[in-house]
Every structure is written in C-alpha cells, then in structure tokens.
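Q: return atomic coordinates for the entry below.
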Amino acid sequence: VHFPDLLSNPFLDRIVTNDIIRPVTVSSAGSPTMEKPATFYRIVELHFADHEAYDHYLQWFVEHPLDPERGPAGRTAFRFYVLTDSAIADHDHPYQPAV
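A: Now for the predicted structure:
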C-alpha cells in the first residue's frame with residue numbers, strides 16, 4: 001500500500017479505508033438490493049479541502065511522479081474512481097446536501 005507516497009502530497013488531507021466485510025443483499029426496508037451484488041475487497045476515500053485542492057493534488061504528482069515500483073499499476077484493479085462531495089448526517093445534525 002503506497003499511503004505514505006500519497007500522503008507526501010500536501011494537498012491530500014487524509015485517507016479513509018473501508019475494508020469490505022460482505023455485500024448487503026437486503027435494504028433496511030427489506031427490499032432486495034441486487035440479484036448479483038458487486039464485490040469489493042476495500043474502498044478507499046481520499047479527502048481534500050475542496051475541488052481546487054484536488055486539482056493541485058493531480059498537478060503535484062505530475063511534478064513529483066511516483067516511482068513505478070511503488071505505484072498501484074499491476075497491483076490494484078480499480079473498479080471505479082470517482083470524485084464526490086460529501087455530507088454527514090448524525091443524531092445531532094440532520095442531512096444537508098453538500099451541493
């Protein structure tokens with residue numbers, strides 16, 4: 001795992017790893033989620049201050065490329081890679097969309 005290499009980039013705030021326990025086949029309301037659930041080993045979140053920080057993150061790696069032996073090529077099969085805005089809801093804070 002090349003987390004130290006990623007964290008050397010000053011525009012990355014933090015990394016959150018989500019190791020998958022199992023697929024969920026029934027929603028909280030009892031309806032099935034999908035006939036053949038997608039399977040994953042781990043989902044990793046990279047957190048940035050804003051979209052501009054992400055753009056700077058990409059440019060930083062253009063200027064400071066990873067050593068190919070330390071990068072994910074050939075070791076990680078990315079199933080998806082997306083950029084999102086996040087919103088958190090809990091007992092004290094109702095859901096407020098990020099956008």
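Q: straight-line length of stretch 6-20, end to end?
A: Taking CA to CA, to the nearest Å, the first and last residues of stretch 6-20 lie 22 Å apart.
Q: from the chain's centroid, how far away is that stretch?
A: 8 Å (CA atoms, centre = their mean, to the nearest Å).
Q: check stretch 10-24 too.
A: Here the centre of stretch 10-24 is set off from its chain's centre by 6 Å, with CA atoms, centre = their mean.
Q: got the end-to-end distance for that stretch?
A: 36 Å.
Q: got the buried residues for that stretch?
A: Going by neighbour count (16 or more other CB atoms under 10 Å), the buried part of stretch 10-24 is F11, L12. (C-beta placed from N, C-alpha, C; glycine too.)
Q: F61 should be in a strand, yeah?
A: No: secondary structure of F61 (DSSP: H, G, I helix; E, B strand; the rest coil): helix, not part of a strand.
Q: I'd like the distance between I88 and A53.
A: 19 Å (CB to CB, to the nearest Å).
Q: ramachandran angles for E45?
A: Dihedral angles phi and psi of E45 (degrees, to the nearest 10) take the values phi -110, psi 130.
Q: residues near it, how many?
A: A count of nearby residues for E45, using other CB atoms under 10 Å, gives 11.
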